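**Student:** Dropping a prediction and its sequence here:
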Amino acid sequence: MTTEEVLEIFKKTGGILKGHFLLTSGRHSDTYMQCAKLFIDTSASEKLCRELALKLKGTDIDIVVSPAIGGILMGYEMARQLNKPNIFAERENDVMTLRRGFSVEKGAKVLVVEDVVTTGGSVKDVIAMLKEKGAEVVAVASIVDRSAGKVDFGVKYVNLISMDIVSYEADKCPFCKTMGAPIKPGSRKI
Ligand code: ZN
């Protein structure tokens, strides 16, 4: 699967929008990404996760763990492709933890799955939590790497698109001159 084919799926599902957007940070951009949209189309998301699963061929994995909420659907589909169990981690009082009776065994080889990696904060929190429980994180998988290759998890990291979405300070935005006022997309956290 080429980057173009992946981007085609993003465009088809509305996972990537072009226009003039006001981000939650206050910055402006001509690109807005909403990865959750990919999972509306179950065959599209199945295709993307199958591609990622292929990239993990030969990696010994016992269980898939993903941070809520963004990683939950993707974690499920990745685990289905790999034929492995799947659980998710979530924050309780800001601390990443396993709830709902979920657990990992000591020494379990874990694949951590997140839909979009930007700074990688949630994934790093999941990795730290799993290490504390004695599990071994063997790889990280995401559909999008928005750090454009800058993030380092200390383990094998596979993704389908690596891109840096350019944004501007409001008073330095070139699109304000040609495209009118920016629009604020649906999500609060961008
Ligand atoms: Zn602007």
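**Tutor:** Nice, thanks for sending it over.
**Student:** any idea how far Lys156 is from Val144?
**Tutor:** 17 Å (C-beta to C-beta, to the nearest Å). In short, each C-beta sits where N, CA and C put it, glycine included.
**Student:** Ok, Ala141 next?
**Tutor:** In terms of C-beta to C-beta, Ala141 sits 9 Å off from Lys156.
**Student:** same deal with Arg80?
**Tutor:** 21 Å.
**Student:** In terms of neighbours, single out the busier of Ala141 and Lys156.
**Tutor:** Just comparing Ala141 and Lys156: by other C-beta atoms under 10 Å the higher neighbour count belongs to Ala141, 30 against 14.
**Student:** mind checking the SS state of the more buried one?
**Tutor:** Recorded secondary structure, Ala141: strand (DSSP: H, G, I helix; E, B strand; the rest coil).
**Student:** Now do the same contact list for it.
**Tutor:** Leu52, Lys55, Leu56, Met78, Leu111, Val112, Val113, Glu114, Tyr157, Val158, Asn159 (C-beta atoms under 8 Å, 6 or more residues apart in numbering).
**Student:** Low-confidence ranges, the chain, go.
**Tutor:** Scanning the chain for pLDDT under 70 picks out the ranges 186-190.
**Student:** Up against the ion, what does it have?
**Tutor:** His28, Cys173, Phe175, Cys176, Pro182 (C-beta under 5 Å from the ion).
**Student:** Of those residues - the most surrounded one?
**Tutor:** Within those, most neighbours by other C-beta under 10 Å means His28, with 23 neighbours.
**Student:** All the helices of this protein, in order from the start?
**Tutor:** Assigned by DSSP state H, the helices in the chain fall at 3-13, 42-55, 70-82, 121-132, 175-179.
**Student:** could I get the residues of the chain next to the ion as TSV with distance to Ile63?
**Tutor:** Below are those laid out as TSV (distance: C-beta to C-beta, whole Å):
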residue	distance to Ile63
His28	41
Cys173	44
Phe175	44
Cys176	47
Pro182	42
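**Student:** just these now: which is nearest Ala128?
**Tutor:** Within the residues of the chain next to the ion, distances to Ala128 taken as C-beta to C-beta reach their minimum at His28, with 34.0 Å.
**Student:** who does the closest one bridge with?
**Tutor:** Leu22, Tyr168 (DSSP bridges).
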